[in-house]
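> Next comes the sequence, and after it the predicted model I'd like to discuss.
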Amino acid sequence: MTVSDAHALVELLRRPGIEPLELSRRLGLSKSAVSRLLSRLKKRGQIRQQKSKADGRALNLHLTEKGERTAGMIDRESLKTFGRIASRLPRDTVELLERHLPLLIRALPKSRADLDTDVVRVEHNHRSKE
């Protein structure tokens with residue numbers, strides 16, 4: 001299982017019924033990469049696709065029981081890992097991270113395309129100063 005597969009399963013655990021395009025945005029992957037990822041997860045019996053009740057052309061993604069078990073395990077292990085890391089830091093540092101990390105996450109690009117645009121902008125600004 002790839003890191004992207006694991007991330008997708010946890011996203012589906014937290015957002016049942018999400019559409020593939022929104023999953024693509026949340027993972028920062030192209031539509032074609034998400035399509036391949038979803039094919040792998042479906043082949044392993046971890047997800048199912050269902051036509052949207054609101055728009056019959058759209059698909060909603062759901063975890064199967066197997067997918068829920070796997071996603072739950074990944075989520076729990078991630079929390080344990082973060083807990084172990086946090087336990088090695090001074091309490092005031094952990095409190096600072098808890099307060100400011102959500103701000104940093106919201107400031108991150110929403111997709112790889114946004115990230116690429118930001119990189120081009122930084123390179124352009126850097127060249128302009130030379």
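Sure, I can see it. Numbers count the residues shown, from 1 in each chain.
> average pLDDT across the lengthiest helix in the chain?
Counting residues, the longest helix in the chain under DSSP state H turns out to be helix 65-87. Here helix 65-87 scores 93 as its mean pLDDT.
> Check which element follows it along the chain.
Sequence-wise, the next helix or strand downstream of helix 65-87 (DSSP states H and E) is helix 91-107.
> Other residues contacting that following helix?
For helix 91-107, the surrounding residues in contact (CB atoms under 8 Å, 6 or more residues apart in numbering) are Ala86, Leu89. For glycine as for every other residue, the C-beta is placed from the backbone atoms N, C-alpha and C.
> rewinding a little: what does the longest helix of the chain contact?
6, 9-10, 12-13, 41, 44-47, 63, 94, 97.
> can you do 7 Å?
Ala6, Leu9, Val10, Leu12, Leu13, Leu41, Gly45, Gln46, Ile47, Leu63, Val94 (CB atoms under 7 Å, 6 or more residues apart in numbering).
> Using ChimeraX, define a selection of the buried residues within the residues you listed.
Of the contacts of helix 65-87, the buried ones go into a single ChimeraX selection, burial set by 16 or more other CB atoms under 10 Å:
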select :6,9,10,12,13,41,46,47,63
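> got any ranges where the chain has weak pLDDT?
Low-confidence segments of the chain, defined by pLDDT under 70: 109-130.
> tell me, what residue is most central in it?
Residue closest to the mean C-alpha point of the chain, counted by CA atoms, centre = their mean, is Leu27 at 3.7 Å.
> Tell me how far it lies from Leu37.
Using CB to CB, to the nearest Å, Leu27 is found at 8 Å from Leu37.
> What of Ala71?
Using CB to CB, Ala71 is found at 14 Å from Leu37.
> try Pro90
As judged by CB to CB, Pro90 and Leu37 stand 38 Å apart.
> Give the intersection of the neighbour lists for Leu27 and Leu37.
Here Leu27 and Leu37 have Ser4, Ala8 as joint contacts, going by CB under 7 Å, 6+ apart.
> Tell me the buried residues in the longest helix of the chain?
Along helix 65-87, these residues count as buried under the neighbour rule (16+ other CB under 10 Å): Gly67, Glu68, Thr70, Ala71, Ile74.
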